[in-house]
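Participant: Based on what follows, work out the 3D shape:
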Amino acid sequence: MKYILVGFLFTLISACSTKEKTKSDDDLQVISIGEVTKHIGDNLITDRSEIKLELTDSSTLGPIDKMIIYKGKIYLLDIRVTKSLYIFNLEGEILRRIHSIGEAEGQFYLPFDFNINQFSDEINILDVRQRRMLNYDLEGNFKSQHKVNGQISDFASLNKDNFVFHMDGRQDDPTEKKELLQIANKSNDSTFLSGVLEYGSTDYVKIFNSLTFSNERIIYMQSMHDSIYMVTEKEIKPIYSIDFNGHSIPSEIKGKDPMDFRQALMTGDYYIVQGNLLESDNLLTFSWERTSKTDSETIEYVWTLFNKNTDKSLSLTMNRFKEKYGFGPAQFAQKGYFYSVNTLESSSVSDTGEEENPTIVQYKINF
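Facilitator: Have a look, this model is predicted:
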């Protein structure tokens, strides 16, 4: 009888443990991607205002790759054309352009990413070519620099001294799985936590705003992955799972040689995350694209809005959305507002025939 009772208690404890584990798994909120809507309501965007960026010889922008608004200033990074970081005030007046190409102290070759450390009020610019971090005050004055180890794709600040680094998975053998995130000190020579195991080939193209500080926390998504992670000093854990309704990229394709991997993407029906991962109190947004095996030339870009309270999602084709509202997906979020750019291209020509810089659009989303 005693052995039967012990066995029963063991079974009961095991069942409770299993049940508790299942409950923990259920905490992973699912974002279901349904049909991409063809109808975009007139009241989706509310409380809209615009900031026209001043155009001068020192502020002629190329495509805006990343935007941060902090303490009354707008910080804009152009990686591909001018290789510069621009600082504007909230009226759109140019305050500073950080652009110093070279090998000397305080110079960079390719500003691949930037961030603002809210714990030290510093601008950090990652020079991917010279593998170093350059540090500036909020006005754009150079302060210091230090080396970083390994090939870093993008980063975010956890506190004054520690960063989250997204390591470029293409290094070494891209067909092997590796942990893409590292939490370390500024120079990342002392890693104390790592995570997000994925094939290195999934990093074949850089996506922007994949590692962002939104709504007082750091969140991360990987371009060929279907999970969204929260990152703290103690853990890297998935908090959302994206259900692409059978269109996720299977593991056997991710592990292919890069050329075969790219060919498989071009000839299959897959949904591929493209970044712009941002959140407010109620909403989370991100972009993705879908390929077609019947038309390899056609790639459709989609922006998804997810209401964290109702579990409902809304997916919009970017061409249709931009036709209606005149701007692209959100590139920054703050205090319930989202921020986009009216064009991702460089300076354009206005209706009056004058050359002009892009305009920053501030708005709320009613969903």
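
Participant: Report the residue spans of the stretch 1-150 of the chain with pLDDT below the cut-off.
Facilitator: Along the stretch 1-150 of the chain, the model assigns pLDDT under 70 to residues 1-26.

Participant: do that again at 90, thanks
Facilitator: The model of the stretch 1-150 of the chain has pLDDT under 90 over residues 1-28, 34-35, 37-41, 62, 80.

Participant: Could you check which helix or strand contains the spatially closest residue to Ile74 that is not a sequence neighbour?
Facilitator: By the measure of CB to CB, 6 or more residues apart in numbering, the closest residue to Ile74 outside its immediate chain neighbours is Phe88, 4.3 Å from it. Placement of C-beta: from N, CA and C, glycine included. Using DSSP states H and E, Phe88 maps to strand 84-89.

Participant: Just after that strand, pick out the following helix or strand.
Facilitator: strand 94-98.

Participant: before we move on, the earlier item: the residue nearest to Ile74: neighbour count?
Facilitator: 22 (other CB atoms under 10 Å).

Participant: Phe192 now?
Facilitator: Neighbours of Phe192 using other CB under 10 Å come to 10.

Participant: With Glu252 instead?
Facilitator: The burial count for Glu252: 8, using other CB under 10 Å.

Participant: Quick check: bridge partners of Asn162?
Facilitator: Asn185 (DSSP bridges).

Participant: I figured it hits Gln182, correct?
Facilitator: No. The criterion here is CB atoms under 8 Å, and Asn162 misses it with Gln182 at 10.5 Å.

Participant: who's more crowded, the two?
Facilitator: Gln182 (22 against 18).

Participant: wait, what's in contact with that one?
Facilitator: 164-165, 167, 188, 191, 193-194 (CB atoms under 8 Å, 6 or more residues apart in numbering).

Participant: what would these look like in CSV with pLDDT, neighbour count and secondary structure?
Facilitator: Output for those, formatted as CSV (pLDDT from 0 to 100; neighbours: other CB atoms under 10 Å; DSSP: H, G, I helix; E, B strand; the rest coil):
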residue, pLDDT, neighbour count, secondary structure
Val164, 97, 24, strand
Phe165, 97, 26, strand
Met167, 95, 24, strand
Asn188, 90, 21, coil
Thr191, 94, 16, strand
Leu193, 96, 18, strand
Ser194, 96, 16, strand
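
Participant: Out of the residues you listed, the closest to Ala333 would be?
Facilitator: Val164 (18.1 Å; CB to CB).

Participant: which residues in the stretch 251-367 of the chain form helices?
Facilitator: 251-254, 258-266, 318-325 (DSSP state H, counting those that start in this stretch).

Participant: and Thr37, how many residues sit next to it?
Facilitator: 14.

Participant: quick one: it from Thr317, how far?
Facilitator: For Thr37, the distance to Thr317 (CB to CB, to the nearest Å) stands at 8 Å.

Participant: next one: Met224
Facilitator: 21 Å.

Participant: Between those two, which has more neighbouring residues?
Facilitator: The neighbour count for Met224 versus Thr317, taken as other CB under 10 Å, is higher for Met224 (23 against 17).

Participant: quick one: the more buried one and Ile272 touch, right?
Facilitator: Yes. If you go by CB under 8 Å, Met224 and Ile272 touch, sitting 6.5 Å apart.

Participant: Show me whatever sits in contact with both of the two.
Facilitator: With CB under 8 Å, 6+ apart, Met224 and Ile272 have common neighbours Ile249.

Participant: In terms of secondary structure, what does the strand holding Phe88 contact?
Facilitator: Strand 84-89 sits against strand 73-78, strand 94-98, strand 111-117, with contacts defined as 3 or more CB pairs under 8 Å, 6 or more residues apart in numbering; DSSP states H and E.

Participant: Skip ahead from the longest one and say which helix or strand is next.
Facilitator: Sequence order places strand 122-127 as the next helix or strand after strand 111-117, per DSSP H and E.

Participant: Just the CA atoms of the next helix or strand after that next one, as PDB, please.
Facilitator: Sequence order places strand 132-136 as the next helix or strand after strand 122-127, per DSSP H and E. What follows is strand 132-136, C-alpha atoms only, in PDB (Å, rounded to 0.1, in the frame of the first residue of the first chain):
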ATOM      1  CA  ARG A 132      35.000  49.700 -33.300                       C
ATOM      2  CA  MET A 133      32.300  51.700 -31.400                       C
ATOM      3  CA  LEU A 134      32.500  55.500 -31.500                       C
ATOM      4  CA  ASN A 135      30.900  57.400 -28.700                       C
ATOM      5  CA  TYR A 136      29.500  61.000 -28.800                       C
END
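
Participant: Buried residues, strand 132-136. List them.
Facilitator: Buried residues in strand 132-136, defined by neighbour count with 16 or more other CB atoms under 10 Å: 132-136.

Participant: Mind listing the strands it pairs with, and their directions?
Facilitator: strand 122-127 (antiparallel), strand 142-147 (antiparallel).

Participant: hmm, who's touching the first one?
Facilitator: This points to strand 122-127. Contacts of strand 122-127 (CB under 8 Å, 6+ apart): 75, 85, 98, 108-117, 133-138, 140, 143, 148, 152, 154-155, 157.

Participant: so it versus strand 94-98, what angle?
Facilitator: If you take axes from the mean of the first three to the mean of the last three CA atoms, to 10 degrees, strand 122-127 sits at 40 degrees to strand 94-98.

Participant: Would you map the strands across the stretch 201-350 of the chain?
Facilitator: 211-214, 217-221, 227-231, 236-243, 271-279, 283-291, 299-307, 313-317, 332-334, 337-341, 348-349 (DSSP state E, counting those that start in this stretch).
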